[in-house]
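**Student:** missing the sequence, but the structure's below:
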C-alpha cells in the first residue's frame, strides 16, 4: 500500500474546466495559486498554451510546437490565489467554447541546493512535498553540465524547452526503454517520435537527488539561450511515473497499478513513431468509465478530433487500458505514463481512494 503525507491532491495539482467569454475572465476554484498552468481548447482546434510563474504569467510556450516563447497580454494575464486571469484571445477564451486547464503548485523561490551544480539557475520555484519544480537556466554548451532541480530526490521526469528560439520539448522519463538506462534516451513532448538514443541530451546520466545532467545539445544546453525545465519526482500515493507493455486486448486490457485513484494521466508509446502521440486524460472531463475524452500534447486537435477510440478505465488504485489501438495497447509495445492522484490511497487523515 502506498502512503503520502498529502491529504488533498487538489492542494498541489488540479484540473479546472471553464467556458470562454470573449472578455477578460477570472478563473477561480483551482484551490491554490498556480505556478504552472497548461491550457487547451476542448471544442476548437487551437494550440496548447503553457504559462508559469518563473518566466512570468503573461509569457507563453506551446507544448504542441517547437515555437519560441511569446509574450502576449491577451492570453493568460496573471495568476491569483485561487486561479488565474485570462485575456480575450480566442485560443484560450472564445465565447461559446469550452476549455481545460491543468494546474501545478511549486512555490519555494529561495534556498535551492546547488551541491555539485555547474549551472546556477536564473530563477526557480520548487515544491518538495508535491515533487514538482520549475527551473530557468542559461546553458553552457558543455557535456556533463549539472543543473539543480530543488526536489531533494531524483526526478523521474524532466521536460525542457529552449525559450528564445525554436526547439523541441526534449524530455527525460525514467520509464523509457523499460527503465533500463533511460538517460541514454530522450523523448519529445511536441511530436509522436519514438525514443531518441543520443548522448548529447542527458550525457547518458540519470538525474540524482540534487541535479539533472545535460549533454551539449543546443536544444537543452545552449550557452546563448535561456531554457526552462519542469521536473517531476515520484511521491508515493500522490504521483507516479512508470511504464508498461501492451497486451493487445481491449476487453482484458493491461492494468497499471499506481497506488491511488488517478485524476490526471498522460501516456505515450515510446518504441515506435506509429501511434506515439502523448494522450492526456483527466477525471474532470471523464466523469465516468470508460475515460474516452483525450487530448494530445503533440497535436492541436480538439477532443472530437481524437474521437473515442483510446478508452481507459480509471480505477481506485490505478488504470486499465480498455482499447487496443497502436496509441494505447499494442501487444508487447512499450508505453510510459505520468499520473497524479485524485485521492491519495492513504493520507495522514486516513482517507482512502474510492472507485467510481
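**Tutor:** That came through fine. The structure presented is a predicted model; accordingly, all values stated were derived computationally and were not measured.
**Student:** how close does residue 251 sit to residue 313?
**Tutor:** Between residue 251 and residue 313 the distance is 11 Å, computed by Cβ to Cβ, to the nearest Å. (Glycine included, C-beta is placed from N, CA and C.)
**Student:** in stretch 172-182, what's buried?
**Tutor:** Along stretch 172-182, these residues count as buried under the neighbour rule (16 or more other Cβ atoms under 10 Å): 172-177, 182.
**Student:** Out of those residues, the closest to residue 231 would be?
**Tutor:** Nearest to residue 231 among these is residue 172, at 9.2 Å by Cβ to Cβ.
**Student:** of the buried residues of stretch 172-182, the lowest pLDDT goes to which?
**Tutor:** Lowest in pLDDT among the buried residues of stretch 172-182 is residue 177, which has 90.
**Student:** Excluding chain neighbours, what is closest to that residue?
**Tutor:** Distances taken as Cβ to Cβ, 6 or more residues apart in numbering place residue 185 nearest to residue 177, at 5.6 Å, with adjacent residues excluded.
**Student:** who touches that neighbour in this structure?
**Tutor:** The neighbourhood of residue 185, defined by Cβ atoms under 8 Å, 6 or more residues apart in numbering, consists of 176-177, 195-197, 270.
**Student:** Closest to residue 302 out of those?
**Tutor:** residue 270 (25.2 Å).
**Student:** And that closest one, how far from residue 329?
**Tutor:** Distance of residue 270 to residue 329, computed by Cβ to Cβ: 14 Å.
**Student:** And residue 299, how far from residue 307?
**Tutor:** Counting by Cβ to Cβ, the gap from residue 299 to residue 307 is 12 Å.
**Student:** So those two - more neighbours on which side?
**Tutor:** Neighbour totals were compared for residue 299 and residue 307, and residue 299 leads with 20 against 11 (other Cβ atoms under 10 Å).
**Student:** Surely that one and residue 280 touch.
**Tutor:** No. Residue 299 is not in contact with residue 280 according to Cβ atoms under 8 Å; the separation is 10.3 Å.
**Student:** how many neighbours does the closest residue to residue 114 other than its chain neighbours have?
**Tutor:** Of all residues not flanking residue 114 in the chain, residue 148 sits nearest, at 4.9 Å (Cβ to Cβ, 6+ apart). Using other Cβ under 10 Å, residue 148 has 24 other residues around it.
**Student:** One more: residue 62?
**Tutor:** 20.
**Student:** give the contact list for the closest residue in space to it that isn't next to it in sequence.
**Tutor:** Spatial nearest neighbour of residue 62, chain neighbours left out: residue 47 (4.8 Å); criterion: Cβ to Cβ, 6+ apart. When contacts are counted by Cβ under 8 Å, 6+ apart, residue 47 touches 62, 64-65, 91, 300.
**Student:** Show me those residues that map onto helices.
**Tutor:** residue 91 (DSSP state H).
**Student:** Which member of the contacts of residue 47 is positioned nearest residue 133?
**Tutor:** Set against residue 133, the nearest of the contacts of residue 47 by Cβ to Cβ is residue 62 (21.1 Å).
**Student:** That closest one: what's it in contact with?
**Tutor:** Per Cβ under 8 Å, 6+ apart, neighbours of residue 62: 47-50, 190.
**Student:** just curious, which of these is nearest to residue 115?
**Tutor:** Within the contacts of residue 62, the smallest distance to residue 115 is 29.7 Å, found for residue 50 (Cβ to Cβ).
**Student:** same for the helix or strand the closest one falls within, what does it pack against?
**Tutor:** Assigned by DSSP states H and E, residue 50 falls within strand 49-52. With contacts taken as 3 or more Cβ pairs under 8 Å, 6 or more residues apart in numbering; DSSP states H and E, strand 49-52 sits against strand 36-41, strand 59-60.
**Student:** strand partners of the first one, parallel vs antiparallel please.
**Tutor:** Using DSSP bridges, strand 36-41 pairs in its sheet with strand 49-52 (antiparallel), strand 98-104 (antiparallel).
**Student:** Mind putting the ones you listed into TSV with distance to residue 43 and mean pLDDT?
**Tutor:** Converted to TSV, the strands paired with strand 36-41 look like this (distance: least, Cβ to Cβ, whole Å; pLDDT from 0 to 100):
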stretch	distance to residue 43	mean pLDDT
strand 49-52	15	98
strand 98-104	5	98
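**Student:** quick one, which of the ones you listed is nearest to residue 132?
**Tutor:** Nearest of those (Cβ to Cβ): strand 98-104, 5.3 Å.
**Student:** quick one: the strands in the stretch 101-250 of the chain?
**Tutor:** With DSSP state E, counting those that start in this stretch, the ranges of strands along the stretch 101-250 of the chain come out as 123-127, 132-138, 145-148, 157-162, 170-173, 187-188, 211-214, 226-232, 239-245.
**Student:** Work out the gap between the second one and the centre of the chain.
**Tutor:** Shown here is strand 132-138, whose average C-alpha point lies 14 Å from the average C-alpha point of the whole chain (Cα atoms, centre = their mean, to the nearest Å).
**Student:** What distance do you get for the residue nearest to residue 72 when sequence neighbours are not counted to residue 232?
**Tutor:** Closest residue to residue 72 apart from its sequence neighbours, by Cβ to Cβ, 6+ apart: residue 60 at 6.5 Å. To residue 232, residue 60 is 21 Å away according to Cβ to Cβ.
**Student:** same question, residue 221
**Tutor:** 20 Å.
**Student:** Which of the contacts of residue 62 are buried, as a ChimeraX select command?
**Tutor:** A single ChimeraX command selects the buried members of the contacts of residue 62 (16+ other Cβ under 10 Å):
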select :47,48,49,50,190
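**Student:** and which of the contacts of residue 62 is nearest to residue 135?
**Tutor:** For these, the nearest to residue 135 is residue 50 (14.8 Å; Cβ to Cβ).
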